[in-house]
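> A structural model of the following input is requested.
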Amino acid sequence: MASNENNTATPNGGGELQRTMTFFPALSTVMGTVIGAGVFFKAASVAQNTGSTSMVMLSWFLGGLISVCAGLTGAELAAAIPETGGMLRYIERAYGKFASFLLGWAQVIIYFPANVAALSIIFGTQFKNLFGLSDGTVVPIAIVAAISIMLINFLGSKAGGMLQSVTLVCKLLPLAAIVIFGLLRQGDVSVSLFPVQAGASAGGFAPALGAGLLATMFAYDGWIHVGNIAGELKNPARDLPRAIAGGILGIMVVYLLVNFAYLRTLPIDQLAGNENASMEVAGRIFGGMGGKIVTIGILISVYGTINGYTMTGMRLPYTMGKEKTLPFSNQLSKLNKNSVPYIAGVLELIIAIIMMLVGGFDMLTDMLIFVIWIFYTLVFIAVIKLRKTEPDLVRPYKVPLYPVIPIIAILGGLFILVMTLLTQFTLAMIGILITAIGIPFYFFMQSKNK
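Now for the predicted structure:
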């Protein structure tokens with residue numbers, strides 16, 4: 001899952017970005033931005049949707065390749081339009097204010113709250129399993145986790161940033177432990193990678209691959225932010241594509257190794273749909289106490305990932321409030337004494353809690369990924385569109401192998417969207433409907449602001 005650590009460049013006294021970053025810091029930024037909680041908890045969903053070890057590994061592999069092409073494509077606009085708001089500004093530049101508003105609305109109402117809700121549910125589930133509590137404690141624990149993180153962030157951006165820094169290490173240690181010890185030990189299960197085929201209950205090759213890909217994209221999500229470092233690179237044309245391609249390929253290798261360790265440890269029928277899979281795998285690899293220590297590390301990692309989405313999520317309705325594009329904009333743009341948009345934060349928290357009460361982890365993540373990939377695909381198309389409509393736009397970095405890589409990103413996005421519509425039509429329609437609810441608000445605010 002993607003953690004949402006901000007990579008916003010810091011201007012110097014002259015208002016220009018300081019180009020001090022070289023390749024290796026950029027590479028670590030890419031990997032730190034994308035790796036989150038999804039790698040620990042989407043394995044169960046991918047296994048359930050695909051039904052075979054070969055299809056599980058193919059889903060993670062193709063998800064990584066699509067993400068590489070997506071990151072390389074989106075970075076062109078990030079480098080050319082290094083403005084606060086990121087993707088909002090790319091969409092506005094290519095399609096106008098209405099499309100930009102719908103993206104902002106979808107992020108405020110679906111993307112950020114659903115991330116917080118889904119990850120909080122995972123936190124509650126793992127906490128319940130670790131301490132042997134009843135199933136009825138999951139949602140209350142999830143709500144407490146989300147509220148506690150919001151309260152920490154109300155203390156100021158420094159407090160939220162410190163929490164993010166501490167938890168960053170905690171998400172890398174369990175991954176390293178599972179990969180190293182999971183691959184070194186004698187495997188309990190034989191893993192077959194060829195021929196690649198869907199399981200008997202998966203409904204065929206294409207539906208299985210589509211559902212498996214959709215699940216993996218939650219773990220790869222976060223690549224849209226990596227282009228934000230372009231303004232701080234000494235040589236963006238050379239180092240940005242290397243950092244993105246190398247970083248996401250590195251992440252893909254880590255994800256493949258982690259899932260291979262999972263599949264060597266648990267039979268796929270025990271992995272499929274198992275909400276406690278990461279804890280069971282850790283327990284088998286490290287024994288009872290060792291498994292619990294690794295699980296605590298995973299819990300801290302999830303807590304930090306929730307913090308990342310909380311920090312960035314509350315600032316979007318604040319920004320839209322400042323621009324007078326949302327109802328109650330005057331309230332949403334208010335700051336507390338620590339310069340935190342607390343009312344915007346409370347709004348995001350309330351929506352997240354409602355989602356915790358009505359949806360589970362996989363439902364929420366599949367819906368948010370479907371909705372956000374509509375706009376991701378528009379970003380890929382915008383790269384080609386702006387090459388034609390704004391040929392003189394200064395582009396410090398251009399997509400390599402243009403237009404092949406943008407076309408691969410577009411086709412990958414369309415495949416994810418079409419397969420979601422075919423396999424999870426109701427879920428997709430709910431996401432579209434919630435996004436469409438923003439339309440009357442847009443026109444109301446437009447008339448009010450005239």
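
> helices along the stretch 1-150 of the chain, start to end?
Per DSSP state H, counting those that start in this stretch, the stretch 1-150 of the chain carries helices over the ranges 23-34, 38-41, 43-50, 53-80, 87-95, 97-106, 112-131, 138-154.

> looking at the ones you listed, which is buried most?
Across the helices of the stretch 1-150 of the chain, averaging neighbours per residue (mean count of other CB atoms under 10 Å) puts helix 38-41 on top, at a mean of 29. All C-beta spots, glycine's among them, are computed from the backbone N, C-alpha and C.

> for residue 89, give me its contacts.
81, 83, 100 (CB atoms under 8 Å, 6 or more residues apart in numbering).

> give the rounded mean pLDDT of stretch 85-104.
Stretch 85-104 shows a mean pLDDT of 91.

> so where's the stretch 301-450 of the chain shaky on pLDDT?
Applying pLDDT under 70 to the stretch 301-450 of the chain flags no residue at all.

> can you tell me what sits against stretch 320-338?
Residues outside stretch 320-338 that contact it (CB under 8 Å, 6+ apart) are 101, 104-105, 108, 154-156, 317-318, 341-344, 347, 441-442, 444-445, 448-449.

> kindly recompute the last result at 6 Å.
101, 104, 155, 156, 317, 318, 341, 342, 343, 344, 445, 449 (CB atoms under 6 Å, 6 or more residues apart in numbering).

> for stretch 270-287, same thing?
Applying CB under 6 Å, 6+ apart, the set of residues contacting stretch 270-287 is 40, 43-44, 47-48, 125, 129, 181-182, 262, 265, 291, 294-295, 298.

> which pair in those residues spans the largest distance?
Spanning the widest gap among the contacts of stretch 270-287 are 48 and 181, at 25.4 Å by CB to CB.

> re the thing from before, show me which of the contacts of stretch 270-287 is closest to residue 118.
The closest of the contacts of stretch 270-287 to residue 118 turns out to be residue 125 (CB to CB; 10.7 Å).

> and the closest one, how close does it get to residue 141?
Here the criterion is CB to CB, to the nearest Å. By it, residue 125 lies 8 Å from residue 141.

> now residue 212
Separation of residue 212 from residue 141 (CB to CB): 29 Å.

> contacting residues around residue 316?
Residues in contact with residue 316 (CB under 6 Å, 6+ apart) are 107, 108.

> one more time with 8 Å, if that's ok
104, 107, 108, 112, 344.

> with adjacent residues omitted, what lies nearest to residue 237?
Once flanking residues are discounted, residue 237 sits nearest to residue 397: 5.3 Å by CB to CB, 6 or more residues apart in numbering.

> isn't there a helix covering the one you found?
No: counting by DSSP: H, G, I helix; E, B strand; the rest coil, residue 397 is not part of a helix but coil.

> thought it was touching residue 82?
No: using CB atoms under 8 Å, residue 397 is not in contact with residue 82; the gap is 10.8 Å.

> the more surrounded of those two?
Neighbours per residue (other CB atoms under 10 Å) separate residue 397 from residue 82, with residue 397 holding more: 23 against 19.

> over to the more buried one: give its phi and psi.
When read as degrees, to the nearest 10, the backbone of residue 397 gives phi -140, psi 140.

> list the contacts of the closest residue to residue 194 other than its chain neighbours.
Spatial nearest neighbour of residue 194, excluding adjacent residues (CB to CB, 6+ apart): residue 54 at 6.3 Å. By CB under 8 Å, 6+ apart, the residues touching residue 54 are 192, 193, 194, 195, 196, 197.

> same deal with residue 215?
By CB under 8 Å, 6+ apart, residue 215 lies in contact with 42, 45, 46, 49, 59, 362, 365, 366.

> work out for me the element it sits within.
Under the criterion of DSSP states H and E, residue 215 resides in helix 205-220.

> what comes up buried for that helix?
207-220 (16 or more other CB atoms under 10 Å).

> just checking, what packs against the helix or strand that that helix is followed by?
Following helix 205-220 in sequence order, the next helix or strand is helix 236-265 (DSSP H and E). When contacts are defined as 3 or more CB pairs under 8 Å, 6 or more residues apart in numbering; DSSP states H and E, helix 236-265 packs onto helix 23-34, helix 38-41, helix 43-50, helix 53-80, helix 157-184, helix 205-220, helix 277-313.

> closest to residue 91 out of those?
helix 53-80 (9.4 Å).

> and the closest one with helix 205-220, angle?
Orientation note: helix 53-80 sits at an angle of 50 degrees relative to helix 205-220 (axes from the mean of the first three to the mean of the last three CA atoms, to 10 degrees).

> next, the angle from helix 53-80 to helix 23-34.
On the basis of the same axes, to 10 degrees, helix 53-80 is oriented at 120 degrees to helix 23-34.

> and helix 53-80, how far from the chain's centre?
In terms of CA atoms, centre = their mean, to the nearest Å, the centre of helix 53-80 is set 12 Å apart from its chain centre.

> now that helix: average pLDDT?
For helix 53-80, the mean per-residue pLDDT is 90.

> OK, contacts around the residue nearest to residue 150 when sequence neighbours are not counted?
Leaving aside its chain neighbours, residue 150 sits nearest to residue 349 (5.1 Å; criterion: CB to CB, 6+ apart). Shown in contact with residue 349 (CB under 8 Å, 6+ apart): 116, 146, 147, 150.

> tell me the two of those residues that are most distant?
Comparing the members of the contacts of residue 349, the greatest separation, given CB to CB, is between 116 and 147, at 10.6 Å.

> mind saving the C-alpha coords of stretch 312-321 as PDB?
Output of stretch 312-321 as PDB, limited to C-alpha atoms (Å, rounded to 0.1, in the frame of the first residue of the first chain):
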ATOM      1  CA  THR A 312      -2.100  14.700   3.200                       C
ATOM      2  CA  GLY A 313      -5.800  14.000   3.200                       C
ATOM      3  CA  MET A 314      -6.800  16.800   5.500                       C
ATOM      4  CA  ARG A 315      -4.900  19.400   3.400                       C
ATOM      5  CA  LEU A 316      -6.900  18.700   0.200                       C
ATOM      6  CA  PRO A 317     -10.300  20.000   1.500                       C
ATOM      7  CA  TYR A 318      -8.400  22.800   3.100                       C
ATOM      8  CA  THR A 319      -6.900  23.800  -0.300                       C
ATOM      9  CA  MET A 320     -10.300  23.400  -2.000                       C
ATOM     10  CA  GLY A 321     -11.800  25.500   0.700                       C
END
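
> phi, psi for residue 334 please.
When read as degrees, to the nearest 10, the backbone of residue 334 gives phi -80, psi 150.

> and it, how many neighbours?
Burial of residue 334 is recorded as 13 neighbouring residues (other CB under 10 Å).

> cool, the one 10 residues further on as well?
By the criterion of other CB under 10 Å, residue 344 has 26 neighbours.

> alright, that wraps it up for me.
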